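1. one predicted model, sequence on top.
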Amino acid sequence: MKNKKVQRNTQGELGQEDAERPRKRRKLEIEEHYTEHVDDDNDPSHPPTPQTRPRSPTPPAALPIFPLPTRPDAPSKQTLALQGLDKALIEAELVDPAKLQPFPTAPDDDGGTGLSERTRKRLQELGITELFAVQTAVIPFLLTPDSAKALYLPYDPPRDVCVSAPTGSGKTLAYVLPIVEVLSVRVVTRLRALIVLPTRDLVTQVRETFDVVAKGRGLKIATATGQHSFAHEQAQLLASRSPDLQGGSSKVDVLICTPGRLMDHLSGTPNFSLQHLRFLVIDEADRLLAQSFQDWLAQVLAATRPPSLADHTPTPPSQDRVDIPRADALAPAFLHLLRDVPQLRTDIDQKRESSCQKLLFSATLTRDPAKIAALNLREPKYFVVQGQRAVEKGDGEGMLDFVMEKFSMPATLTEHMFVCSSAEKPLILFHLVHTHDVVNALVFTKSAESTARLVKLFEFFEAALRMERGGAPVVARAYSSDLSPNERKLILEQFKNQDIHILVCSDLISRGIDINHVTHVVSYDAPVDMRKYVHRVGRTARAGRSGDAWTLVEEQEARYFKTMLKSVDRLDKVKRMRVADRDVQGLKTPYEKALALLKDAYARTGD
Ligand SMILES: Nc1ncnc2c1ncn2[C@@H]1O[C@H](COP(=O)(O)OP(=O)(O)OP(=O)(O)O)[C@@H](O)[C@H]1O
C-alpha cells in the first residue's frame, strides 16, 4: 500500500490544509494510516508506537459492509396528528350528518332505537317524526340492550360517552330522551340525573325540553342557578334534612344547574348526595372544562364515586340514637359504608362500581388529552358528527379533521365576510338589514358598551329613516349581562315573537341558545377565535333550516381572520363581499342625522 501520511504539526494536530479538506476524505486517510501501523507492528523490528491501538489476536480480514443509511419514510400527516391522543378518540365513530331515521309506524317496532312506544308517541305529539344524525347514534348506544336501562349497574358499569356534533344538530334530545326513558321506571325519587350547563339561560332552555318530553312520566325536575335564594333552592331539592340519611335525600329525579350553584349545594346542603346518579351530563363541555373555579369538576366526580373504607370515617354511635341500617337508601356501590354493619368479605365478592354514566356534548369538543384525562372517563365511546367533506374523504381524513379542530358546521349555513373600515361598519350593517329585509337577526359585538352604543345609533337611524320614508321601523334591542334575569327572559320572548327584530348582544348568548327563526347572524365585531365563530354562526341554520352569517372585518383584522378560517379549511366557504359607496348613498342622510344625535346623547351623559 502506498504510504500516505496525514500531515500533523508538532503537537500532532492536523495541518491547516488537512483541516479544510472534507471530513469524509480525512477519515479515510486516517483509516489508511491506522492499517499501515498495524502492518508495521507485525514486524518485530518495529516496537509498538503510542498511536497504535491494542491489537486483537486475529485482526478482522475486512470490515463488514453495511448498506448506506437511508432516510426513513416521514410519518404521514395523519399519524403525526394522532400521536399522543387518547385511543378512544382515535377510534371515534364518525356519523354522517345527513343520516335521518324515521320512526317506524308499527307500535311494537322501535326501529332499534330503544325508545319505548310511550316516548315515541310523545315525540310524535311534539311533531318529531324522525331522529337526527347525532340522535341515531347516541340514543341506541345508551338504551340498548334492555339491560342498559337499569337504574344501577354496579357490576357492569356503563361506558362514558363524548359527542361532538355541529350547532343546531339536536344534541339536547340526544341526552334528554335516554334520561327520561331510563328514569321513568324508578319507584323512589332520588337524584339520578345531573345536567351541568354554563349559563342560566341554557339551564332554562334545557329545563323546557325536559318538561315537554317527560310530560306525564311522573319525573320531578328542578333547576339550580342562583336565580332564587339558596334556602329556596334547598327547599326545592331536599325531602329531609335528617342527619341520619346515609343515602342522601332528594325531592327531584333530575337537576339542571350551573357549576357555581352546584358547588354551593355540594358543600352547603346537608343530604345533597350524588351517589345515586345514573347520568352526569356536561353540555357545552369544552366551555365548562375551561372553568376551573373551586375545582368544580374534580369535586363533582369525587361525589359520584364511592369512597374506599379506608378513607371513610364512620360517625361514632351516639347514646340516644338507635342506628337502623337503611340499605335501600345507599346506592349499591356505597353499601360498604353502611353504619354498624360488620364488613364480611368473601372470595366471591365482586367490586361494585358507581353506575354514573358521564355524557359530554359540544359542537367544539376539546381534543386536549390533559382536559380529557381530568374527566376520568370509563371506557369512553366517542361519536363525531363530521361534515360532508369528512364523509366524502373517508374515516381517516374525517378523523383528522376532528383532531385538527376543523369543526363541522351546519350544511345549511351560508357565510359572507365584508372587509371595511371601522367607521363604515354601522352604515354597512344598516344597508344589509334594509336590502335583505332582515327581521330576525342576532348581531354580536365585542362588549356591552359597544352593544349599547350600536343599539342607540340604530334607534336614531330608524327614526330618521321613518321621517324620510314612513313605514314601520326595524326594532333593535340590547341583550347583555347588565340586564336582570327577568328582563333577559322578557326580551328573548319578544324576540321569539318577532316584536323585536334585531337583538344586539355580546358572546353571552353565542352558545347553545336555540331560537328557531334566526335567519341571520351578524358578527359586527369579528370573533377572536374559531370556537367563538362556530358558536355565533351556529345560532342560525339550526335543525336543517337555512341561515346566513355575515362577518364585518376591519381592514387591519382581515389578515388574521382569513388565516383563522384558512387554518380550519373554511376560507373557501366564506364569500368575500364589498359594499360600494353608491350602495349606501340613499341611507347617508338619515345616518348622518343619527350620528349627530348619538354624539349629542353621549355628550349629555358625559360618556
Ligand atoms: N329529531 C328532531 N326533529 C325535529 N327537530 C329536532 C329534532 N331534534 C332536535 N330538534 C330541534 O332542533 C333544534 C336544535 O336542537 P338543539 O338545541 O338540541 O341543538 P344543539 O345540537 O344542542 O345545538 P348547540 O350546539 O348550538 O347547542 C331544537 O329546536 C330542537 O327542538
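-> In hand now; what should we look at?
2. okay, CA-based contacts and neighbour counts for the rest of this
-> OK.
3. Glu424: how many residues sit nearby?
-> 14 (other Cα atoms under 10 Å).
4. again, but for Thr105
-> 11.
5. for it, give me the pLDDT.
-> pLDDT, Thr105: 81.
6. quick check: it is in a helix.
-> No - counting by DSSP: H, G, I helix; E, B strand; the rest coil, Thr105 falls outside a helix, being coil.
7. how much space separates it from Glu130?
-> To Glu130, Thr105 is 11 Å away according to Cα to Cα, to the nearest Å.
8. do the same with Leu508
-> Using Cα to Cα, we find Leu508 at a distance of 32 Å from Glu130.
9. and what of Thr70?
-> Taken as Cα to Cα, the span from Thr70 to Glu130 is 57 Å.
10. neighbour count winner among those two?
-> Glu130 (16 against 6).
11. for the more buried one, give the beta-bridge partners.
-> Going by DSSP bridges, Glu130 is paired in beta bridges with Pro102.
12. so it sits against Pro104, correct?
-> No - if you go by Cα atoms under 8 Å, Glu130 and Pro104 don't touch, sitting 9.0 Å apart.
13. quick one, what contacts the residue sitting nearest the centre point of the chain?
-> Centroid-nearest residue in the chain: Leu365, 2.8 Å away (criterion: Cα atoms, centre = their mean). Shown in contact with Leu365 (Cα atoms under 8 Å, 6 or more residues apart in numbering): 163-164, 284-286.
14. which of those are buried? Put it as a PyMOL command.
-> Of these, the buried ones can be selected in PyMOL as follows, counting by 16 or more other Cα atoms under 10 Å:
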select buried, resi 163+164+284+285+286
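15. spatially, which two of the contacts of Leu365 are the most separated?
-> Val163 and Asp286 (11.2 Å; Cα to Cα).
16. okay, and the common contacts of those two?
-> Joint contacts of Val163 and Asp286 (Cα under 8 Å, 6+ apart) are 362, 365.
17. what about the closest residue to the ligand within the stretch 251-400 of the chain, how many residues close to it?
-> Closest to the ligand within the stretch 251-400 of the chain is Ala363: 4.9 Å, counting by Cα to the nearest ligand atom. Neighbour count of Ala363, defined by other Cα under 10 Å: 28.
18. likewise for Ser408?
-> 25.
19. list the contacts of it.
-> Going by Cα under 8 Å, 6+ apart, Ser408 touches 165-166, 363, 385-387.
20. the residues you listed in strands, which ones?
-> Val385 (DSSP state E).
21. what's the most distant pair in the contacts of Ser408?
-> Most distant of the contacts of Ser408, by Cα to Cα, are Ala363 and Gly387, 11.7 Å apart.
22. coming back round to it: now do the residue of the stretch 251-400 of the chain closest to the ligand against Ser481, distance only.
-> 23 Å.
23. check Leu365 too.
-> Look at Leu365 and Ser481: by Cα to Cα, they are 25 Å apart.
24. equivalent analysis for Ser506, please.
-> 9 Å.
25. those two: which is more packed in?
-> Neighbour count, other Cα under 10 Å: between Ser506 and Ser481, Ser506 has more, with 24 against 15.
26. right, and that one touches Leu454 too?
-> No - in this structure Ser506 lies outside contact range of Leu454 using Cα under 8 Å: 11.8 Å.
27. show me which residues of the protein are close to the ligand?
-> Neighbours of the ligand within the chain, by Cα under 6 Å from any ligand atom: 128, 130-132, 166-173, 362-363, 511-512, 514, 516, 538, 542-543.
28. which of those fall in helices?
-> Here DSSP state H is the test, and the residues of the chain next to the ligand give 171-173 as lying in helices.
29. make CSV out of those and add pLDDT and neighbour count.
-> Listed next are those as CSV, based on pLDDT from 0 to 100; neighbours: other Cα atoms under 10 Å:
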residue, pLDDT, neighbour count
Lys171, 97, 23
Thr172, 97, 18
Leu173, 98, 20
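30. ok and the residue in the stretch 501-607 of the chain nearest the ligand?
-> Closest point on the stretch 501-607 of the chain to the ligand, by Cα to the nearest ligand atom, is Gly512, at 3.3 Å.
31. ok, and the closest non-adjacent residue to Phe210?
-> Nearest non-adjacent residue to Phe210, counting by Cα to Cα, 6 or more residues apart in numbering: Val176, 6.3 Å away.
32. OK, contacts around that neighbour?
-> Contacts of Val176 (Cα under 8 Å, 6+ apart): 209-210, 213.
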